[in-house]
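Q: The following comprises the amino acid sequence and a computationally predicted model.
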Amino acid sequence: MSTPNTSRLLKYFDALREGAEQAMDADSSVFMMGLDIDDHKGIQGSTKGLVDKFGPERVFTTPLSEDAMTGVAIGAAMAGQRPIHVHIRMDFLMLCMNQLVNIAAKSHYMYGGTVQVPLVIRTMIGKSWGQGAQHSQGLHSMFAHVPGMKVVAPSNAYDAKGLTMQAVRDNNPVLIMEHRLLYGTEAYVPEEPYTVEFGKARVLREGNDLTIVGVSNMVMEAMRAAELLAEQGIEAEVIDPVTISPLDFDTIEASVNKTGKLLVVDNAWLNCGFSAEIVARVAESENISLKPAVKRMGFAPTTCPTTPSLEDAFYPNPKTIAITAYQLASGKQDWVPADDQCQLAYQTQFKGPF
Amino acid sequence: MSTPNTSRLLKYFDALREGAEQAMDADSSVFMMGLDIDDHKGIQGSTKGLVDKFGPERVFTTPLSEDAMTGVAIGAAMAGQRPIHVHIRMDFLMLCMNQLVNIAAKSHYMYGGTVQVPLVIRTMIGKSWGQGAQHSQGLHSMFAHVPGMKVVAPSNAYDAKGLTMQAVRDNNPVLIMEHRLLYGTEAYVPEEPYTVEFGKARVLREGNDLTIVGVSNMVMEAMRAAELLAEQGIEAEVIDPVTISPLDFDTIEASVNKTGKLLVVDNAWLNCGFSAEIVARVAESENISLKPAVKRMGFAPTTCPTTPSLEDAFYPNPKTIAITAYQLASGKQDWVPADDQCQLAYQTQFKGPF
Amino acid sequence: MTEYSTVEARLYASIALVRRAEEVISEIYPSDKIKSPVHLAIGQEYIAAAVIDHLRGSDYASGTYRGHGVYLAKGGDLNSMMAELYGKKTGCAQGRAGSMHLVEAGKGVIGMSAVVGTGIPVAVGHALAIKQQRRNDVVVAFMGDGSTEEGCFSESINFAALHKLPILFVVENNRLAIHEPLHKRWAADTLTERVATYGIPATRFLEPDVLAIHEHVGKVIDDMRTEAGPAFIECHTHRWYEHVGPCEDYDQGYRSLEEGEQWRAKDVYVTLGQSLDEKEKAQIDQDIEASIQAAVEFAEQSPFPAAEELYNYVYA
Amino acid sequence: MTEYSTVEARLYASIALVRRAEEVISEIYPSDKIKSPVHLAIGQEYIAAAVIDHLRGSDYASGTYRGHGVYLAKGGDLNSMMAELYGKKTGCAQGRAGSMHLVEAGKGVIGMSAVVGTGIPVAVGHALAIKQQRRNDVVVAFMGDGSTEEGCFSESINFAALHKLPILFVVENNRLAIHEPLHKRWAADTLTERVATYGIPATRFLEPDVLAIHEHVGKVIDDMRTEAGPAFIECHTHRWYEHVGPCEDYDQGYRSLEEGEQWRAKDVYVTLGQSLDEKEKAQIDQDIEASIQAAVEFAEQSPFPAAEELYNYVYA
Ligand SMILES: Cc1ncc(C[n+]2csc(CCOP(=O)(O)OP(=O)(O)O)c2C)c(N)n1
Ligand SMILES: Cc1ncc(C[n+]2csc(CCOP(=O)(O)OP(=O)(O)O)c2C)c(N)n1
Ligand SMILES: [Mg+2]
Ligand SMILES: [Mg+2]
């Protein structure tokens, strides 16, 4: 007998694996390809065991040929298969931008609706321990920029499984942006198959003082910041957009209308990024009459350095988020959380999807 | 004797050519490479004659290998040369994103300031006559998103030459985004070498009723719209950012502070685009106290179709810009310019840089 | 479907349809009714005809922006193609694709791409799907010499050979990429030898010998249907017209008329035509003229898509 | 610079420095002082040593994220490397690069990249610059077998051969990409034959015969300085340690200890060491230990960059 749904804690990487496994169980046209998915490490556990269960025809590694392999996945998808193509770092997608932007995103339209590309791209953002310039980029805005692509960003194990299963069912190219530092986090994850809807944001924490939108791992950082803020009497409403494109702007708009203040914390650079999009939509909104106080945080406008002393300053963290949010919400600059409190915040495990 | 500066009208493609030619005259480390730059068509005239003047070692075509050729250009730049790498369409840059994003943009930083990449990428946006999905994209926001890259967008022949010459002198990778439909436009272009400063927007037309920021070819379309608007008593201030990254936000901010209304017309999709960035900065600005009315226009959120009946609806044009601007400025929807007036607007030649 | 008395007649009919359709396109073009960049395959049609003659409806063929020949040979509808060039709603992609992105999924015509080389791995992906679906269909991927310079060509051949996929790669080597001759792009004229190092059959045809190509490919494709894995052919050929557009351009100086004349003297359309029974040839020609005429009328009379349709098909 | 009595001694010194430095890195690693993914080249050092022995200061060498050996052999400063691994301000890239992106422009060490294959065309670009600047320097580009699967490898070889650029491509074929064996990635084990089709000299070394490699490359590079154009060598070799990290991993099941032992029995570090004059070897070893010790101390005592420095070097 299976454990009741809500009582099973599962790690993010296990949830990714389980989502794919159940999708493959349900539909024999689903297969998985990607460098190193069939080795003993199995993409940090997220593909482990799949080759044993489904065999090397449905789960196989590839040569180091990201460009052509993406084309191959696209072609297979056009011909009726449902590939999941796994990349261990998002940075490497730069090698297959042409296939993704010029073919995958455009085929359905360009070919007058006669062709579909039900392709799932799994890709991970790296961080810390010297990942550095080429193993750390969150490049979702480049993909969200292009009509025809969908981009989703699970911040917890529940969404990791549910979005994976939904992505496989979707008839369009869907990019799943994962985060290395989320891989070990746990959430209550149902055992049975389920999907998480695209275009539906999640309010993780309600509050009246300001709205914080976090992306991917920054959802966690924002939640931790919210705890620090709560001790100062500031109640932040924390929103996880869940899917970057399509974006559920209504939920954000309603929150900003309530709080009048918005902080977007992206897991990426700001310039021409997803954070700009959210802020721009708020600015354009005819439903928001007063000028809200808005602010964006994300990667520093630099390349990502490897040394911890610089890397620490490169990323937002609960402390800097809390400070920024406090100023935005209170108009004051008279509080900085103590370092040990921030450390404590890091020990909180959020058992998403909250 | 040379003609006096201000009296010589030059076409955009000639200005591009002259800028490169004078840069190559001045510095023997400058060379040019790219598919088809040495044939009898010479990238619509913009590279014509250069191979005859400078020889095939300094001006050469390449194999169809955008990825490696970009790496080659980067390597040559690191070793002291100053390459100008020409691509006939911006869409094809998707093939060399890896080299541009992961190497060109990052090397100076990643290698601790010990390496420089003075690389110029020339690239053209196509439009109309069935260019369609893969020959029409304005993808500047992807590049502006990445620290370490610079992106410039000449809207007229004067800037085409001056930005080219500045780009060659710059010690960083600079992407020049050109527009096919601008190639035939004329402006007064000095014969002697000159540079156009990066990070300095141009106010092309002053006005108090609203601010219109146009990008690349959309600067022209916005100027035409402004004429139509003027007949309705609405004075638009039209701003050409000239360089996308770095961006002169101050000029835009000052204008929006004056007009209280902003329309950004990008030559690209809106989502996570440069238009979002401008609007987001306006929203964040502490110098702008009232909520300005803002609106973005750009490519429709679709792939670009080839047939004129759909393509017409894909792009902003003087008519749709004027209608949108009128509503934004007046709050009214009681005017639509007559089609023949819009046609007339198209006959105006703007002899930039105004 | 029309029955022909000989292979020659069948191939001639296939070649003649493309030749005449493109000649008509070239005639219409100055009227500006076709607002689409046309890359004519005139002079090269025999390759697609010879190869595709061995394909069934459930097989796939992929081509490039120079794809009228592949599209028609694989059974693409002439009316839909002509309407597509005109940008009409009745086009094979409802006017979204133009000449460069022809498609006819129902006939196994894989959508064509105008970014050189990108169609190659997509074709390989179709072969992977065939293998996974345990079908005994095959894929043929047509490409130009220039496309073999793109990294994805090597990547694709390696993967197809590694997984023994049922795909035939066909390089139409017209020794030009736009106006750039081979010697400015290839270190050595050894493409076929290079592909052979992947352990797959690789054959070069220096002459436009349509029957030799036809015979060779027949064997290769038979083997492929019984899991022999991929194969490769390189056919030297000649592009008669300018790279893009409706005209000849020997006067532009980048190539010699002499070379052109040598190839034209061997025009398969003519030589094969001459070998046919005269009556049969006349009938074929007459049918072709009629169908082209009908297609032009169909295209002219079809409506343009309405502006609102712009937003259709962004997502499936 | 130290003078050695024989080529063997010089090569041994180069190999031993890398071997011992990496062994020390591997010892330090568990302390978490080196917060950088280290890809050790232990067992493969002889290739870089043999090749780079022929290079001058003004020549260039490029490597990969597995680049300690190339960096040190080409004259990169050991202190700067160790400090870089520690993330210190005194590192060769001021702590921005870590182990994966070593660089030493002043010594001709081209900055290394952790995106597989991307360093190859960048190295070719250096060779293009040499040609344009009419220098008679050369470039050596080191790469793994996996990187040859990337399209840019083929693109790069073609361009280098087409323009006769002074570059030697060196493939360190350890028959693994992370944990994936060659037969899951290559359709055929014919890389050297394939590269030869570009019309450039291409040679395979199946054994770790450091002197044979040394001799061959000496001739090749001499030719290259007199405009012979590019060349290629493929050296079969063996990676002793895990792909990334400080340990061995024969127990992980993806490769056999037997294979490892066969290679280890031929360890160049040992065999070459045994061939030396004992006194000279002892002196070399002693000097190396001292320099490594000094480098570790240098790294430990160097300061971290200050947070404000984050914003330096975004633009030149
Ligand atoms: C990736 C890419 N680079 C450049 C171009 C511009 N371009 C269009 S066709 C062409 C030549 C292709 O030559 P080849 O593959 O031999 O095909 P052919 O035109 O001779 O049939 C080029 C360079 C393009 N469309 N895509
Ligand atoms: C483009 C790219 N794809 C995948 C990776 C992940 N990755 C890092 S090293 C490596 C294996 C490379 O193998 P090889 O070129 O043989 O070099 P080796 O590690 O054996 O020295 C892979 C797949 C990467 N860094 N870059
Ligand atoms: Mg060709
Ligand atoms: Mg290897």
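A: Yep, it's here. Ligands and ions are numbered 1, 2, ... in the order given.
Q: Tell me who's in contact with residue 233.
A: Just going to use chain A. Going by CB atoms under 8 Å, 6 or more residues apart in numbering or on different chains, A:Gly233 touches no other residue. No exception for glycine: its C-beta is placed from N, CA and C like everyone else's.
Q: wrong one, I was asking about chain C
A: Contacts of C:Ile233 were listed using CB under 8 Å, 6+ apart, and they are C:51, C:168-171, C:202-205, C:213, C:216-217, C:220.
Q: The residue lying closest to C:Tyr241 once chain neighbours are set aside: neighbour count?
A: Using CB to CB, 6 or more residues apart in numbering or on different chains and skipping residues adjacent in sequence, the residue nearest C:Tyr241 is C:Leu40, 4.5 Å away. Neighbour count for C:Leu40, taken as other CB atoms under 10 Å in any protein chain shown: 29.
Q: For A:Ile37, see how far away the residue in the stretch 151-300 of chain C positioned nearest to ligand 3 is.
A: Checking the stretch 151-300 of chain C residue by residue against ligand 3 with CB to the ion singles out C:Asn174 as nearest, at 4.2 Å. As for C:Asn174, its distance to A:Ile37 is 40 Å (criterion: CB to CB, to the nearest Å).
Q: try C:Pro181
A: Distance of C:Pro181 to A:Ile37, computed by CB to CB: 43 Å.
Q: Looking at the two, which has the bigger crowd around it?
A: Set side by side, C:Pro181 and A:Ile37 give different neighbour counts by other CB under 10 Å, the larger being at A:Ile37 (27 against 13).
Q: May I have the secondary structure class of the more buried one?
A: Classification of A:Ile37 by DSSP: H, G, I helix; E, B strand; the rest coil places it in coil.
Q: element containing the closest residue in space to it that isn't next to it in sequence, please.
A: Counting by CB to CB, 6+ apart, A:Thr47 is the residue found nearest to A:Ile37 once chain neighbours are left out, at 4.2 Å. With the criterion set as DSSP states H and E, no secondary-structure element contains A:Thr47; it sits in neither a helix nor a strand.
Q: just checking, A:Thr47 touches A:Asp38?
A: Yes: at 7.3 Å, A:Thr47 counts as touching A:Asp38 under the criterion of CB atoms under 8 Å.
Q: which neighbours do those two share?
A: Overlap of the contact sets of A:Thr47 and A:Asp38 (by CB under 8 Å, 6+ apart) consists of A:Val59.
Q: Show me which of those two is the more surrounded one.
A: A:Thr47 (26 against 23).
Q: In a strand, C:Glu234, correct?
A: Yes: following the definition three-state DSSP, C:Glu234 is counted among the residues of a strand.
Q: Which residue ranges of the chain form helices?
A: Picked chain A for this. Ranges of helices in chain A, per DSSP state H, are A:12-26, A:50-54, A:66-78, A:97, A:107-110, A:140-144, A:157-169, A:217-231, A:249-259, A:274-284, A:308-314, A:318-330, A:339-347.
Q: that's the other chain; I wanted chain C
A: Under the criterion DSSP H, chain C contains helices at C:7-28, C:45-52, C:68-73, C:78-85, C:119-132, C:151-162, C:191-196, C:210-225, C:257-264, C:268-275, C:278-301.
Q: what about the closest residue to ligand 3 within the stretch 251-354 of chain A, distance to A:Met142?
A: Among residues of the stretch 251-354 of chain A, the one nearest ligand 3 by CB to the ion turns out to be A:Cys272. It sits 37.1 Å away. Per CB to CB, A:Cys272 is found 9 Å from A:Met142.
Q: To what extent is C:Lys249 buried, counted in neighbours?
A: Small correction: residue C:249 is Asp, not Lys. Other residues within reach of C:Asp249 by the criterion other CB under 10 Å amount to 16.
Q: doesn't C:Glu242 make contact with it?
A: Yes: C:Asp249 sits in contact with C:Glu242 when judged by CB under 8 Å, with a separation of 4.0 Å.
Q: Contacts only, for the residue of the stretch 1-150 of chain C found nearest chain A.
A: Taking CB to the nearest CB as the measure, the point where the stretch 1-150 of chain C comes nearest chain A is C:Gly125, at 2.0 Å. Shown here is C:Gly125, whose contacts under the criterion CB under 8 Å, 6+ apart are A:Gly71, A:Val72, A:Ala73, A:Ile74, A:Gly75, A:Ala76, A:Ala77, A:Met78, A:Ala79.
Q: Which two among the residues you listed are spaced furthest apart?
A: Maximum pairwise distance in the contacts of C:Gly125, criterion CB to CB, is 12.5 Å, between A:Gly71 and A:Ala79.
Q: more crowded one of the two?
A: When A:Gly71 and A:Ala79 are compared on other CB under 10 Å, the one with more neighbours turns out to be A:Gly71, at 31 against 26.
Q: low-scoring stretches of chain A, by residue?
A: Within chain A, the set of residues satisfying pLDDT under 70 comprises A:1-6, A:354.
Q: wait, chain C
A: Counting by pLDDT under 70, chain C contains low-confidence residues at C:1.
Q: and the stretch 1-150 of chain C, which of its residues are near chain D?
A: Within the stretch 1-150 of chain C, the positions lying close to chain D (CB under 8 Å from any CB of the partner chain) are C:Glu149, C:Glu150.
Q: Could you save the helices of chain C as a markdown table and add columns showing distance to B:Ala222?
A: Conversion of those to a markdown table gives the following (distance: least, CB to CB, whole Å):
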| stretch | distance to B:Ala222 |
| --- | --- |
| helix C:7-28 | 36 |
| helix C:45-52 | 47 |
| helix C:68-73 | 39 |
| helix C:78-85 | 33 |
| helix C:119-132 | 38 |
| helix C:151-162 | 39 |
| helix C:191-196 | 49 |
| helix C:210-225 | 55 |
| helix C:257-264 | 48 |
| helix C:268-275 | 52 |
| helix C:278-301 | 36 |
